[in-house]
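Chemist: Structure, please.
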Amino acid sequence: MSSTSSEETQDEPTEDIENGIAVLPSLDEESQEVTEFGTDQPEHKIRPLNAAILMTVLGVVYGDIGTSPIYAFRSTIMVVSNHHNDLQRWEVFGIVSLIFWALILVVTLKYVTLVMRADHNGEGGILALMSLAQRVTKKTSGKVLLGIVGIAGTCLFFGDGMITPAVSVLSAIEGLEVSIPGIQEFIVPMALIILVALFSMQSKGTEKIGKVFGPVMFLWFSSIGVLGLLQVIQHPFILAALSPHYAISFVIHHEWMAFLALGSVVLAVTGAEALYADMGHFGRNPIRYAWIFFVLPSLTLNYMGQGALVLSHPETVNNPFFYLAPHWLNIPLVILSTFATVIASQAGISGGFSLARQLTQLGYFPRLRVLHTNAEEEGQIYIPDVNHALMLGALLLIVSFRSSEALAAAYGIAVTGTFICTTTLSCVVFSKLYKWPVYKVAFIFGLFFCVDIPFFTANALKIPQGGWVPLLLGIGLTIMMTSWNKGRNIIITKRAKGALPIASFLARLPQSKITRVSGTAIFMTPDPSSIPNSLIHNLRHNKVLHDHVLFVTIENLKQPEAEYGHRIAMRQLAPNIFQVIVRYGFMEMPNLPKVLELLKQQPQLDFFDPLQASYFTTREQIVAAAIPQMSKWRMSLFMFMNRNASPVTDFLRIPADRVVELAVRVSI
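Modeler: Predicted structure coming up:
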């Protein structure tokens with residue numbers, strides 16, 4: 001059978017569990033010895049802070065937020081411009097100030113300074129944060145509520161990953177209008193072609209294109225910083241916009257219109273979640289230093305340059321980013337922008353693959369077919385179903401909205417919704433895990449809520465104009481995930497009721513007349529305390545048992561990785577009969593035969609070859625019970641997802657020619 005998560009090991013840890021040791025079920029005095037081992041090297045080493053790692057960080061982490069200047073300032077200033085044509089100097093100052101302080105409060109203070117401190121064994125991201133929050137929460141109802149918050153944030157992050165390629169590529173191509181006014185009707189087809197090409201290349205892997213990510217983004221940030229600096233030098237008065245006075249004055253004077261403008265200001269901080277999500281790949285310091293000393297100054301100079309340009313040349317308000325460049329440099333800037341937006345899109349797509357894998361490990365999503373695009377790097381994966389879904393969604397968004405300005409309405413809801421979920425989970429972690437006093441948590445996170453909630457509310461007003469897209473996607477994904485999780489839990493509960501305890505089986509084995517045949521059989525079982533159905537059916541139909549038997553359970557941990565040195569727990573139950581538990585964190589890719597190679601370290605199993613053993617699994621055929629335990633529509637959804645799930649043998653990377661699959665009907 002497929003793997004199942006063990007909530008008990010995470011919710012009520014014993015002393016052994018906290019040390020990374022799982023206590024296997026008791027049988028008798030002779031079977032109490034448990035061997036813990038594993039040669040896996042720690043994944044998270046201290047990374048050297050050098051130019052190479054900083055360059056890689058630029059290419060992988062900052063693509064999304066780095067391309068925001070293309071559309072963020074324009075979308076915000078158009079809110080004011082559409083209200084009245086005569087833009088005032090203090091209004092432009094106010095918009096630049098709002099964007100600058102959004103970068104400071106949301107990205108620099110919230111994510112870079114605070115949230116990135118909450119790592120889970122070196123990993124970041126909303127699922128890791130959810131895991132931390134659930135670990136320090138005792139009440140079951142609290143765990144469920146935090147799980148809902150984490151899943152909601154994850155679903156909105158998926159929406160962000162779908163919208164990012166569409167709005168980024170479309171906004172870059174729109175820059176051609178500055179030099180070629182008659183090209184407008186070709187913008188949408190060009191964007192569609194670029195996106196189709198981008199998604200089609202995913203199966204080839206990102207290693208080759210990843211090598212140019214860093215240098216391209218370095219050139220990008222350098223270029224937009226220099227273009228902005230040239231305007232600031234010509235119009236140094238724009239430096240006054242760094243004062244929060246102008247942002248506050250803009251909000252107080254314009255009130256309702258300022259509230260609407262916040263819905264576009266938030267576009268300047270899209271991609272902030274990527275800083276936290278990618279922390280496990282690079283460590284917090286490279287991400288922090290790249291932001292503080294290079295990315296933030298470049299973005300600030302560019303936004304200030306756009307503000308100065310609009311003040312000196314009001315006619316550029318329709319596309320101030322591309323008007324920053326001299327006419328002869330416009331086409332090269334469009335080409336560079338397109339490369340940058342493709343990189344931003346690539347990061348979102350790769351993040352979607354990783355997120356889908358993590359949700360599968362946590363039991364919120366059915367198994368998906370995962371292809372590894374690099375024999376040496378576990379993290380470089382390609383998931384066809386996710387890729388096709390993201391591509392279809394991005395193409396439909398471009399065809400439906402046809403402009404980056406219209407798509408901006410759909411973008412904000414996904415971003416701000418994720419912000420609120422992250423802030424909520426962070427409150428719990430810093431309060432209960434880091435023991436912050438109540439007044440400190442209330443003050444600091446209250447400040448962040450005062451930023452996040454207005455941003456979200458302002459974008460909620462755009463629901464009719466496109467904000468419904470990420471909401472609908474998020475609701476749909478949440479229904480799918482909760483339905484799958486509920487259905488699997490029902491099956492697990494029902495399976496446990498009719499299970500035969502291992503102790504009973506072993507007690508009867510010496511007196512039985514079962515024929516033993518040569519070879520090694522591995523029986524996959526989700527419950528280490530009972531005999532797997534595959535063994536029962538094998539005895540019923542084939543009436544034989546192999547000389548060497550291993551009961552193997554995959555334990556999915558609610559943490560990013562298994563503890564170092566505790567990948568496997570093994571003990572001998574009877575002569576030539578062993579029980580094995582293999583642990584994986586939700587950010588790891590299972591490879592069962594590779595891990596089982598570690599069993600050769602044990603004297604009792606020095607003969608063992610996982611590639612020559614027979615793997616027995618059970619394929620469950622789900623049918624509706626006479627009295628269903630799920631509503632009819634949810635049952636139909638669960639059965640559809642179960643039929644289309646990837647086989648457990650593919651997910652665990654077991655050779656197909658070594659698998660014996662036995663079917664069993666399960667009514668729920």
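Chemist: domain ranges for this structure?
Modeler: Taking automatic domain parsing as the reference, the chain has its domains at 4-33+501-667, 51-484.
Chemist: Most tightly packed of those?
Modeler: Each of the domains of the chain was assessed for mean neighbour count using mean count of other CB atoms under 10 Å. The highest is domain 51-484, with a mean of 20. Placement of C-beta: from N, CA and C, glycine included.
Chemist: Next, the distance between the ends of that one.
Modeler: 45 Å (CA to CA, to the nearest Å).
Chemist: Over that domain, what's the mean pLDDT, rounded is fine.
Modeler: Mean per-residue pLDDT for domain 51-484: 87.
Chemist: Could I get the full set of strands for the protein?
Modeler: The residue ranges that make up the strands of the chain, judged by DSSP state E, are 4-5, 35-37, 371-372, 381-382, 515-524, 544-556, 568-574, 577-584, 614-623, 659-667.
Chemist: ok so, going back, among the domains of the chain, which comes closest to Ile491?
Modeler: Distances from Ile491 to each of the domains of the chain were compared using CB to CB; the minimum, 5.9 Å, belongs to domain 4-33+501-667.
Chemist: can you give me how far that closest one is from the chain middle?
Modeler: How far domain 4-33+501-667 lies from its chain's middle: 28 Å, per CA atoms, centre = their mean, to the nearest Å.
Chemist: mean confidence for it?
Modeler: 78.
Chemist: will you turn the strands of the chain into JSON lines that also has distance to Val188?
Modeler: Written out in JSON lines, the entries for the strands of the chain read as follows (distance: least, CB to CB, whole Å):
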{"stretch": "strand 4-5", "distance to Val188": "44"}
{"stretch": "strand 35-37", "distance to Val188": "58"}
{"stretch": "strand 371-372", "distance to Val188": "31"}
{"stretch": "strand 381-382", "distance to Val188": "27"}
{"stretch": "strand 515-524", "distance to Val188": "49"}
{"stretch": "strand 544-556", "distance to Val188": "43"}
{"stretch": "strand 568-574", "distance to Val188": "54"}
{"stretch": "strand 577-584", "distance to Val188": "43"}
{"stretch": "strand 614-623", "distance to Val188": "43"}
{"stretch": "strand 659-667", "distance to Val188": "47"}
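Chemist: mind checking which of these is nearest Gly467?
Modeler: Between those, strand 381-382 lies closest to Gly467; by CB to CB that is 30.8 Å.
Chemist: of all the strands of the chain, which lies closest to Tyr62?
Modeler: strand 381-382 (22.1 Å).
Chemist: For that closest one, name the packing helices and strands.
Modeler: Judged by 3 or more CB pairs under 8 Å, 6 or more residues apart in numbering; DSSP states H and E, the packing partners of strand 381-382 are helix 330-362, strand 371-372.
Chemist: Export the domains of the chain to CSV and append columns for distance to Lys494.
Modeler: Shown next, in CSV, are these (distance: least, CB to CB, whole Å):
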stretch, distance to Lys494
domain 4-33+501-667, 7
domain 51-484, 16
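Chemist: So for Ile490, which of those domains sits nearest?
Modeler: When these are ranked by proximity to Ile490 (CB to CB), domain 4-33+501-667 comes first, at 5.2 Å.
Chemist: Would you map the helices across the stretch 351-500 of the chain?
Modeler: Taking DSSP state H, counting those that start in this stretch as the criterion, the stretch 351-500 of the chain carries its helices at 384-401, 404-428, 438-460, 468-497.
Chemist: okay if I get those helices as CSV plus distance to Asn302?
Modeler: Supplementary listing: those in CSV, determined by distance: least, CB to CB, whole Å:
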stretch, distance to Asn302
helix 384-401, 25
helix 404-428, 17
helix 438-460, 21
helix 468-497, 27
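Chemist: Ile180: which of the helices and strands packed on strand 381-382 is closest?
Modeler: helix 330-362 (8.7 Å).
Chemist: I'd like to know how far His541 sits from Ser534.
Modeler: Summarising the geometry, the distance separating His541 from Ser534, computed by CB to CB, to the nearest Å, is 11 Å.
Chemist: Mutual contacts of these two, please.
Modeler: Overlap between the contact sets of His541 and Ser534, as judged by CB atoms under 8 Å, 6 or more residues apart in numbering, is given by Leu662.
Chemist: what's the closest non-adjacent residue to Asn538?
Modeler: Phe616 (6.0 Å; CB to CB, 6 or more residues apart in numbering).
Chemist: In this structure the one you found contacts Thr525, no?
Modeler: No - in this structure Phe616 lies outside contact range of Thr525 using CB atoms under 8 Å: 9.6 Å.
Chemist: what residues are shared contacts of those two?
Modeler: Here Phe616 and Thr525 have 532, 534 as joint contacts, going by CB under 8 Å, 6+ apart.
Chemist: Tell me who's in contact with Met130.
Modeler: If you count contacts by CB under 8 Å, 6+ apart, Met130 has them with 146-147, 149-151, 153, 425.
Chemist: dump the residue contacts of the residue lying closest to Gly59 once chain neighbours are set aside.
Modeler: What sits nearest to Gly59 in space, not counting adjacent residues and going by CB to CB, 6+ apart, is Phe213, at 2.7 Å. Neighbouring residues of Phe213 by CB under 8 Å, 6+ apart: 56, 58-60, 63, 343, 346.
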